[in-house]
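Asks: build me a structure from this.
(chains A and B)
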2 protein chains.
Amino acid sequence: MKDYITTDEWNIIEEGFNPDYHKISESLFSIGNGRMGQRANFEETYSGKTLQGNYIAGIYYPDKTRVGWWKNGYPEYFAKVLNACNWIALEIKVNNEIVDLSTSEVLSFKRILNMKEGYLERETLLRLNNGCVLEIKSTRFYSIVDDECGALKYQITAKNFDGIIHVKSILDGDVKNQDANYGDKFWTQVYQEQIKQQAILTLRTNKTEFDVCTGIETYLVLNGKALENTFEQIQKEKYLASSQTITVKAGDQLSVFKYAANISSENHSKENLVEVCKRTLKNIADKGFAKLLKEQADAWGLKWKTSDILIKGDAKAQQAIRFNIYHLYQTYTGKDVRLNIGPKGFTGEKYGGSTYWDTEAYCVPFYLSTAEQEVSRNLLIYRYRHLPKAIENAEKLGFKNGAALYPMVTMNGEECHNEWEITFEEIHRNGAIAYAIFNYIRYTGDKDYLVDYGLEVLIAIARFWSQRVNWSEQKKRFVILGVTGPNEYENNVNNNWYTNLIASWCLSYATEALAYVEEKAPHVYSALIAKTTFDKITETVRWNEIVENMYYPEDKDLGIVLQQDGYLDKEQMMVRDLDPKHYPIHQNWSWDRILRSCFIKQADVLQGMYFFEDNYDEETLRRNFDFYEARTIHESSLSPCVHSILAAKLGDEKRAYEFYLRTARLDLDDYNNDTQDGLHITSMAGTWMSVVEGFAGMRVRDGYLHFKPMLPEKWESYSFNILFRGFKLNVKVAHDYTIIQNHSIENIKLFVNGSPLLIKAESEKEILSLKKECI
Amino acid sequence: MKDYITTDEWNIIEEGFNPDYHKISESLFSIGNGRMGQRANFEETYSGKTLQGNYIAGIYYPDKTRVGWWKNGYPEYFAKVLNACNWIALEIKVNNEIVDLSTSEVLSFKRILNMKEGYLERETLLRLNNGCVLEIKSTRFYSIVDDECGALKYQITAKNFDGIIHVKSILDGDVKNQDANYGDKFWTQVYQEQIKQQAILTLRTNKTEFDVCTGIETYLVLNGKALENTFEQIQKEKYLASSQTITVKAGDQLSVFKYAANISSENHSKENLVEVCKRTLKNIADKGFAKLLKEQADAWGLKWKTSDILIKGDAKAQQAIRFNIYHLYQTYTGKDVRLNIGPKGFTGEKYGGSTYWDTEAYCVPFYLSTAEQEVSRNLLIYRYRHLPKAIENAEKLGFKNGAALYPMVTMNGEECHNEWEITFEEIHRNGAIAYAIFNYIRYTGDKDYLVDYGLEVLIAIARFWSQRVNWSEQKKRFVILGVTGPNEYENNVNNNWYTNLIASWCLSYATEALAYVEEKAPHVYSALIAKTTFDKITETVRWNEIVENMYYPEDKDLGIVLQQDGYLDKEQMMVRDLDPKHYPIHQNWSWDRILRSCFIKQADVLQGMYFFEDNYDEETLRRNFDFYEARTIHESSLSPCVHSILAAKLGDEKRAYEFYLRTARLDLDDYNNDTQDGLHITSMAGTWMSVVEGFAGMRVRDGYLHFKPMLPEKWESYSFNILFRGFKLNVKVAHDYTIIQNHSIENIKLFVNGSPLLIKAESEKEILSLKKECI
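Replies: Next comes the predicted model:
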């Protein structure tokens, strides 16, 4: 755990330069706009440790699967998130010395991610080896208004010298991934052009043949006066640069403006890329930096209006929740149904693929409440579009009759992760995809979704489960053998409780969905039955048999369910008794030791009790919570939020708050010692859930919103906005009261602490808290 | 399964050329001499499918481990068996057309592996596209007399043409591995020299920096008359060739003689390699091909004298057993304590590493009975020498206090296999290494081995087990969680019966060994206690506690032990009910399906009952055999032999014979559809065991040999030689009698069917069989 970020409500701030933290900061200060993004790499030369990263949504490379022992069913490739063309790069020479923070004396340094207005800023004062002292101030952003564009202002002030500054403005497509196993080249040059201040490069990914045309325009300004362009041009394969020498005197300020456009063949025809790129460049260069930045700030202002969470009395918590919301909206805006939410977003290359079950389990609730219904619906349709691939994927593993197994990791619907214990065994993901349909409909009331898309997916998923279980003669129950549950610190276990539970639930829900569609849309139903050659009698009878006879491991003495068969054979250790020098165990323990220890990477049983909370009374939940919480080491970013929500539900404010801080500041404080690889984007939605579902206790039951607010002792209050079935609400929770504002043109009925409440249009209600003292 | 090899008692014969089987034949017809070997690649150009392979014992390349998700404890590299310099290569042009079986019309073709005399022969008649018909006859071998040498005679007869023949004699070090994941180059040139008929190349492996100097001398002979050398020389990086043009008339015979020496820095100092190479070349060229071949035949004659098994009445079985024995002695001769028995020997590059538990479990018994005691002792000392590395290996996984985990796969003692479920979990290998010590001493009576080497290894292994178990509060027993047993079609299981059994046995045996050494060699004992900082009281008390309280899964109703916890939750299918189109399942089923099926890759419970047979009465063995045999799919080459031995023990001659044929002809008939990758060398020892321990029922009890002979109905008789504690015996089993000859200078007491028998020196005894009718 690290603690070097300055606390501030609207900004992420790093003061003073520590090269050891630079890669962490490169992740934290990343910028993006849902279409593309980049790590907070320095613009100028930096010879210290760095992870260079520029990423474009939907663009990947299919890295060939290479394993020691090929196992039938492995996907052929792993979808590598590709480091793309670098348009921010500058080489600055001052009196012939290259400016490089790694070789100079850094006199002062400040890096700011301005979340309110959506840009990255850096101020550096440094002394070169030749004695020249200069100040660098850079500001850059990816526009969420013109989402194919970025802009950079880079200002150099000569503090103590007269002399010459060489500026080389670079467009560098000769980039690689840090994890480039096989010396593969990922990009090939298709086109290059350089005229005056403009440079254009079109690069093509090998194998996948995505084309991306990146263009820049560079302008130089000295003391506020535009300089004539006398660039010397440098052209190499996949690389263009323009170099100019400027004579300065002490006190002079030289500004470099770079405008960039990334135009991808995912959005335009290949023949037009260069033309579109030039047009886009002209458009933004004409607007100019200041106007672009103003538009950016305004657009972010609107986003914050619907999605902000305000926390009073705890600046660290305030900073953290905004950090999470900000990065979620930098990653995914819901505009494009082909895109999804990669686990590292645009902040790193690790893991690969863009879509995990994280989306359905964690992100859908966030977008349901903070964005138009269309956004979460798009996330669901994304999976509907991949259904044929999910059926193919199941067929590769020997399943039949239209059974679908959604991929663990994907870019285009095909499985692209190649660890057998994950790809083949972490099948509970299928359940989360079904659950998201249920959850979306519960929240929105949009039952038409079942008719239009949902049922077809549910049938295919149910078919998978009905083939994946087997009857145990020994147990006289249906069992599910050889799985990896949400707790990935166990592999190939039998009867993972969560997996058995969600499998059975999928079968029930598919049966319900069938009945609903049959009744409400008989023509659609008939067509679907024909399309899927569904044999209602045989198939639903089997589904029902499985539901009725599913095996669930449990320990009656302890009054808990068992994460999987044999869990109690493990040496029962408590996380609190583990010397922290072992953290994180995945970096310190061998895999076999992790597997046979009782430590749990992430909520597993508790994930199930969170999803299906109505099935468990408070005492059952408490026993299971106490048992599993003590054994959970939270080395998955997706874990603490579930614990926080359940602790809140159990009225355990202290632990709810602890887990909240852990989820909210996971990256800011680098809890798991891996922020340098990129941020944990999908878990950020869990942070939001910790506040809204956890502290505020928000649920939807029978079409009504319910709240059961609590407030961490340290906080004065928190408030958030919610979009719900056309209503706009603001909920503010303080120690003495909760106020709910209805900013809608209709009255809303909802429940607070179980009591119904009618809030008229454009008005608010205040509910006084039961003081603790009074209880 | 394929059936294209002509049955013959002393030869492996392929008649007619089928390119689809060429890679299989390249494996089957491989030659080697324990120091080096090669696949039966064609000498001349071949543009069809081939797996090129020249291998040198002990020479490997450390391929970097690359996995999707790095797990702490992974070894840094995988030891790749390296394809080395090709010295047999020729390019033959006839009237300017390159001779290539893939582009010519093959009129006749015969390939023979002469096992009696130890050479490979091929006769080919072919018509080129230009109409020229020629006959090629090639003979080559690796000498077991001069074990750094090989020789080739290649004769071309012009059948129907006058014209010119170009001969290019090639020494090609610019070779690669088929499985070269990363485009890596494995060899760098250190030296080259070419003078007259001689070419010398010294190549160095990257990273490991082994130097191998390969030299050739080429001589041309036309119609029995040596031709003057007028070679044109061609020199490239890692490649030397000599080219000469010969004018021939129809009926002429041109012979090319190539002599080769492979001189490795494992055996000579790097500075001397070239000199040694030249001296060696001179030596063999002076001897000449005919004399070398005669010496080879004589030396193989001697090997067969002690190791042959003679089977009358079943030529297929006879051919097969010799094929197995022959390849074992081509792979390992026991001369060099640094070498071991790679699973593919010198016949393929697959798997990597040279040493698996196969050596201890299968090969040691073979060498114990057919070679001088020194040979099996060397195999044991090999592991003793690796003890420090095994302790390091265990430390990497978090074990302490001198606990050793021997590697699953190794070249030099370090683990070099990188699949977590194998490397980290297939820990039963430690047991086989301890068992080999026990087995060696049981056979030889050499208890001094315990004092000199054995105890130190046993202590380290026992320490591993005592740390690897854990106490289950649930079961009130010690359990072993998260292992892979011999049945590799299960991963990460709990309480694999075999593993628990051999772990417990190791602890008992180490305790016994301690007591023995303490009594017999107190000074050695004290020194060892000091060296290992052994705490006798604490450690042996713990060992004993574990032995007394080990958990063994069983099913009382079925009266069987359970392969592992939960085995009976699987759908119980019989292999006989599986449609053979699924064979082999590892090529047709996805890994998860294999893992959750009940099918067993190789003997697991039965392996344990084979090792510790005295613990199980016949009925227990029968119940377990019947249960597990029905579920075993034998997709490991190491499986059928154990089943054959146990079937024989149970008097089930039919099944014993079936399993024998399966183990003996595994490669010849390509049972598992993978012979093209190389032969299953280590399992060949299992074939020998099937005859000697299976059919002849040979055991050693209390220092005496026991036999309980049976004879497969189809056979007239079989006989074999045995070396035992200085005695040389021949055992012949026919339907009516068994004859045991004592070719020793002392009398021997042994047991046949439980009855003691004294056989005087240099005499024999005949035991009449109880006829079946009489029973």
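Asks: make it CA atoms for all contacts and neighbour counts henceforth
Replies: OK.
Asks: quick one, what contacts the closest residue in space to residue A:9 that isn't next to it in sequence?
Replies: Excluding the flanking residues, the one nearest residue A:9 by C-alpha to C-alpha, 6 or more residues apart in numbering or on different chains is residue A:319, at 4.6 Å. For residue A:319, the contacting residues are A:7, A:8, A:9, A:10, A:11, A:12, by C-alpha atoms under 8 Å, 6 or more residues apart in numbering or on different chains.
Asks: got TSV for those, with distance to residue B:383 too?
Replies: Below are the contacts of residue A:319 laid out as TSV (distance: C-alpha to C-alpha, whole Å):
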residue	distance to residue B:383
A:7	59
A:8	62
A:9	63
A:10	63
A:11	61
A:12	57
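Asks: what's the closest of the residues you listed to residue B:515?
Replies: residue A:7 (66.8 Å; C-alpha to C-alpha).
Asks: wait, the closest one sits on residue A:318?
Replies: No - if you go by C-alpha atoms under 8 Å, residue A:7 and residue A:318 don't touch, sitting 9.1 Å apart.
Asks: in terms of neighbours, single out the busier of the two.
Replies: When neighbours are counted by other C-alpha atoms under 10 Å in any protein chain shown, residue A:318 comes out ahead of the other of residue A:7 and residue A:318, with 21 against 18.
Asks: tell me the mean pLDDT for the helix or strand encompassing the more buried one?
Replies: Element membership for residue A:318, per DSSP states H and E: helix A:315-331. The predicted model assigns helix A:315-331 a mean pLDDT of 96.
Asks: and the next helix or strand past that helix?
Replies: Going down the chain from helix A:315-331, the next helix or strand is helix A:358, by DSSP H and E.
Asks: just the residues contacting that following helix, thanks.
Replies: A:343, A:638, A:682, A:683.
Asks: widest-spaced pair of those?
Replies: A:343 and A:638 (10.5 Å).
Asks: joint contacts of these two?
Replies: In terms of C-alpha under 8 Å, 6+ apart, residue A:343 and residue A:638 are both contacted by the residues A:358, A:682.
Asks: run the chain-centre distance for the longest helix seen in chain A.
Replies: When chain A is parsed with DSSP state H, its longest helix is helix A:497-520. The chain centre lies 28 Å from the centre of helix A:497-520; the measure is C-alpha atoms, centre = their mean, to the nearest Å.
Asks: can you name every helix or strand that that helix contacts?
Replies: If contacts are counted by 3 or more C-alpha pairs under 8 Å, 6 or more residues apart in numbering or on different chains; DSSP states H and E, helix A:497-520 sits against helix A:429-444, helix A:455-468, helix A:522-531, helix A:536-548, helix A:605-611.
Asks: what is the neighbour count of the closest residue to residue A:378 other than its chain neighbours?
Replies: Counting by C-alpha to C-alpha, 6+ apart, residue A:378 lies nearest to residue A:337, which is 5.3 Å off, once chain neighbours are set aside. Residues near residue A:337, counting by other C-alpha under 10 Å, number 17.
Asks: now residue A:337: phi and psi?
Replies: In terms of degrees, to the nearest 10, the main-chain angles of residue A:337 are phi -70, psi -10.
Asks: residue in the stretch 351-500 of chain A nearest to chain B?
Replies: residue A:472 (4.6 Å; C-alpha to the nearest C-alpha).
Asks: what about that residue, how many residues close to it?
Replies: A count of nearby residues for residue A:472, using other C-alpha under 10 Å, gives 19.
Asks: likewise for residue A:330?
Replies: By other C-alpha under 10 Å, the residues close to residue A:330 number 23.
Asks: how far away is it from residue B:432?
Replies: Taking C-alpha to C-alpha, to the nearest Å as the measure, residue A:330 falls 57 Å from residue B:432.
Asks: low-confidence ranges, chain A, go.
Replies: Low-confidence segments of chain A (pLDDT under 70): A:180-183, A:770-775.
Asks: please parse it into its domains.
Replies: According to automatic domain parsing, chain A comprises the domains A:5-65+A:77-305, A:717-774.
Asks: single out the most deeply packed of the ones you listed.
Replies: domain A:5-65+A:77-305 (a mean of 20; mean count of other C-alpha atoms under 10 Å in any protein chain shown).
Asks: check the offset of it from the chain's centre.
Replies: The answer for domain A:5-65+A:77-305 is 23 Å, by C-alpha atoms, centre = their mean.
Asks: minimum distance to chain B, which residue of the stretch 201-350 of chain A gives it?
Replies: Of all residues in the stretch 201-350 of chain A, residue A:350 sits closest to chain B, at 9.7 Å by C-alpha to the nearest C-alpha.
Asks: surely that residue is in contact with residue A:676?
Replies: No - under the criterion of C-alpha under 8 Å, residue A:350 makes no contact with residue A:676, lying 10.3 Å away.
Asks: so in terms of bridging, what pairs with the residue of the stretch 351-500 of chain A closest to chain B?
Replies: Counting by DSSP bridges, residue A:472 is bridged to residue A:477.
Asks: just the element for residue A:92, please.
Replies: Going by DSSP H and E, residue A:92 is part of strand A:90-94.
Asks: report the backbone C-alpha coordinates of that strand in CSV.
Replies: What follows is strand A:90-94 as a C-alpha-only set of coordinates in CSV (Å, rounded to 0.1, in the frame of the first residue of the first chain):
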residue,chain,number,x,y,z
LEU,A,90,8.3,15.4,-28.2
GLU,A,91,12.0,15.5,-28.2
ILE,A,92,13.2,18.8,-26.6
LYS,A,93,16.8,19.8,-26.6
VAL,A,94,18.0,22.8,-24.7
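Asks: which residues are contacting the helix or strand just after it?
Replies: Going down the chain from strand A:90-94, the next helix or strand is strand A:97-98, by DSSP H and E. Under the criterion C-alpha under 8 Å, 6+ apart, residues A:45, A:91, A:92, A:128, A:129, A:130 lie in contact with strand A:97-98.
Asks: strands paired with the helix or strand where residue A:262 lies, and their directions?
Replies: In this structure, residue A:262 is located in strand A:253-264 according to DSSP H and E. According to DSSP bridges, strand A:253-264 forms sheet pairs with strand A:149-158 (antiparallel), strand A:211-222 (antiparallel).
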